[in-house]
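Student: from the sequence below, what's the structure:
(2 chains)
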Amino acid sequence: MRELQEQRKTRNALGQAVIKAAKSMYNMLPILGGVILLISLVNAWVPKTLYTSIFSKNPLLDVFIGDVLGSILAGNPITSYILGGELLAQGVTLLAVTAFIVAWVTVGIIQLPAEALILGKRFAITRIIISFGFTIIIAIITVLILGIII
Amino acid sequence: MIKKKTGPKKQEKKKQGKGGWYFLLIIIALYIILMIINPGKTLLSFKFFFSLLIKIIPTLAFIILLMGFINYFIPPKKLKEWLSHGTGTKAWIIAITAGIISSGPIYLWYPLLNDLQKKGVRNGLIATFLYNRAVKIPLLPMIIMYFGLAYTIVLTIVMIIFSVFNGLVVEKIIAKKSNGVKP
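Tutor: You can find the predicted model right below:
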């Protein structure tokens, strides 16, 4: 009887945790919906040649451009994966896309004011600069390793 | 009638929630305008939108389940305990694990990290924790869907390894600039 009660408690607590996660995802829905609608619009309206004009096909320059773009954009990482996937589909190199998604989640210049205020200006600026630099290294290493194993 | 006071955190959340809806409304308004200008291209956009939605929904549902399980088995309270009591190699492992497992917006974690900073936790560990917030286990299915399993595994491992270098370099630079005095 006690075991049944314990099992019921666990199931309820787990259910509550999933509901909480669903609620936080629900709060993101308008942004996600807006982003997907925007991507769809860009896909139909923007000529594919524009992507190739932003990204130069020079690998080192492209990885830098991806790093900069990812650093200044903000939002849930899911958005960066969706955008990155679409950039890849439009012919942008994996190197640039990797730099983009890594910078999005590790650099995040938008967070700088809050981080500087709470954790200290020196810490926040140093961390963001180092993360920006490491993004390029991570992108290069990831693509190199994939080139070897695949 | 007594009005419920909303604290600054709840007000910030409300603002963000409204911001999302305003963003969506702007995009919908854009669609309406473009529908008038060029219905053909706009309908193509809708078609692409629905195909993308069908691709993403199952993954989002799986992500919600995964998030729920992780929050149940490793609640934020436990994470905070781990971060406060680690030394040596164990501390780095805790910083990495805690960063990966931590959930919610990053600004919610800043006060705790500030508190740990004041209590003498190394800046390198804090930087490593923040870096590993980029590795989100519940979101891995989404990366796998777009980029493949091999890419996801390689990128995740490389990021975790570099999170430690990130922490060490940040710590060294801050220490150098302040001549050994912590900021």
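Student: close to chain A, is the helix or strand that residue B:43 is a member of?
Tutor: According to DSSP states H and E, residue B:43 maps onto helix B:39-73. Yes: under the criterion of C-beta under 8 Å from any C-beta of the partner chain, helix B:39-73 makes contact with chain A via B:41-42, B:44-46, B:48-49, B:52-53, B:56, B:60, B:63-65, B:67-69, B:71-72. Placement of C-beta: from N, CA and C, glycine included.
Student: so where's chain B shaky on pLDDT?
Tutor: Using pLDDT under 70 as the threshold, the predicted model of chain B has low-confidence ranges B:1-17, B:74, B:76, B:79-80, B:82-87, B:107-108, B:177-183.
Student: would you map the helices across it?
Tutor: B:8-37, B:39-73, B:76-84, B:88-101, B:110-118, B:123-132, B:140-147, B:149-177 (DSSP state H).
Student: turn those helices into CSV, columns for mean neighbour count.
Tutor: Formatted as CSV, these follow (neighbours: other C-beta atoms under 10 Å in any protein chain shown):
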stretch, mean neighbour count
helix B:8-37, 13
helix B:39-73, 16
helix B:76-84, 15
helix B:88-101, 18
helix B:110-118, 17
helix B:123-132, 26
helix B:140-147, 20
helix B:149-177, 18
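Student: I'd say residue A:59 and residue A:93 touch.
Tutor: Yes: counting by C-beta atoms under 8 Å, residue A:93 is a contact partner of residue A:59 at 6.6 Å.
Student: ok, these two, which is more surrounded?
Tutor: Summary of the neighbour comparison: residue A:59 and residue A:93, criterion other C-beta atoms under 10 Å in any protein chain shown, with residue A:93 having more neighbours (19 against 15).
Student: one step back: just send the helices of chain B back as TSV, with distance to residue A:53 too.
Tutor: Below are these laid out as TSV (distance: least, C-beta to C-beta, whole Å):
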stretch	distance to residue A:53
helix B:8-37	22
helix B:39-73	20
helix B:76-84	45
helix B:88-101	37
helix B:110-118	39
helix B:123-132	33
helix B:140-147	23
helix B:149-177	26
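Student: give me the nearest residue to the residue of chain A at minimum distance from chain B, chain neighbours excluded.
Tutor: Using C-beta to the nearest C-beta, the closest approach of chain A to chain B is made by residue A:18 at 3.1 Å. The shortest distance from residue A:18 to any residue that is not its chain neighbour, by C-beta to C-beta, 6 or more residues apart in numbering or on different chains, is 3.1 Å, and that residue is residue B:68.
Student: tell me the contacts of the one you found?
Tutor: For residue B:68, the residues meeting the contact criterion (C-beta atoms under 8 Å, 6 or more residues apart in numbering or on different chains) are A:14, A:17-22.
Student: just the buried subset of these, written out for ChimeraX, thanks.
Tutor: When burial is assessed using 16 or more other C-beta atoms under 10 Å in any protein chain shown, the buried subset of the contacts of residue B:68 is captured in ChimeraX by this command:
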select /A:14,17,18,20,21
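Student: circling back to that earlier point, among the helices of chain B, which is nearest residue A:4?
Tutor: For residue A:4, the closest of these is helix B:39-73, at 19.5 Å, according to C-beta to C-beta.
Student: from the middle of its chain, how far away would that closest one be?
Tutor: A distance of 18 Å separates the centroid of the chain from that of helix B:39-73, by C-alpha atoms, centre = their mean, to the nearest Å.
Student: repeat for stretch A:125-133
Tutor: 17 Å.
Student: what packs against the longest helix along chain A?
Tutor: Using DSSP H to assign secondary structure, the helix with the most residues in chain A is helix A:2-45. Helices and strands touching helix A:2-45, by 3 or more C-beta pairs under 8 Å, 6 or more residues apart in numbering or on different chains; DSSP states H and E, are helix A:77-89, helix B:8-37, helix B:39-73.
Student: does chain B sit close to the first one?
Tutor: Yes: taking C-beta under 8 Å from any C-beta as the criterion, helix A:77-89 and chain B are in contact, through A:77-78, A:81-82, A:84-85, A:88.
Student: and if you look at stretch A:109-120?
Tutor: Yes: residues of stretch A:109-120 are located near chain B by C-beta under 8 Å from any C-beta, namely A:111, A:114-115, A:118-120.
Student: of the residues of helix A:77-89 next to chain B, which is the most crowded?
Tutor: Among those, residue A:84 has the most neighbours (other C-beta under 10 Å), with 26 neighbours.
Student: isn't residue B:95 right up against residue B:133?
Tutor: No: between residue B:95 and residue B:133 there is no contact under C-beta under 8 Å: 10.7 Å.
Student: coming back round to it: got a quick PyMOL command for the buried subset of the residues of stretch A:109-120 next to chain B?
Tutor: A single PyMOL command suffices to select whichever of the residues of stretch A:109-120 next to chain B are buried according to 16+ other C-beta under 10 Å:
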select buried, chain A and resi 111+115+118+119+120
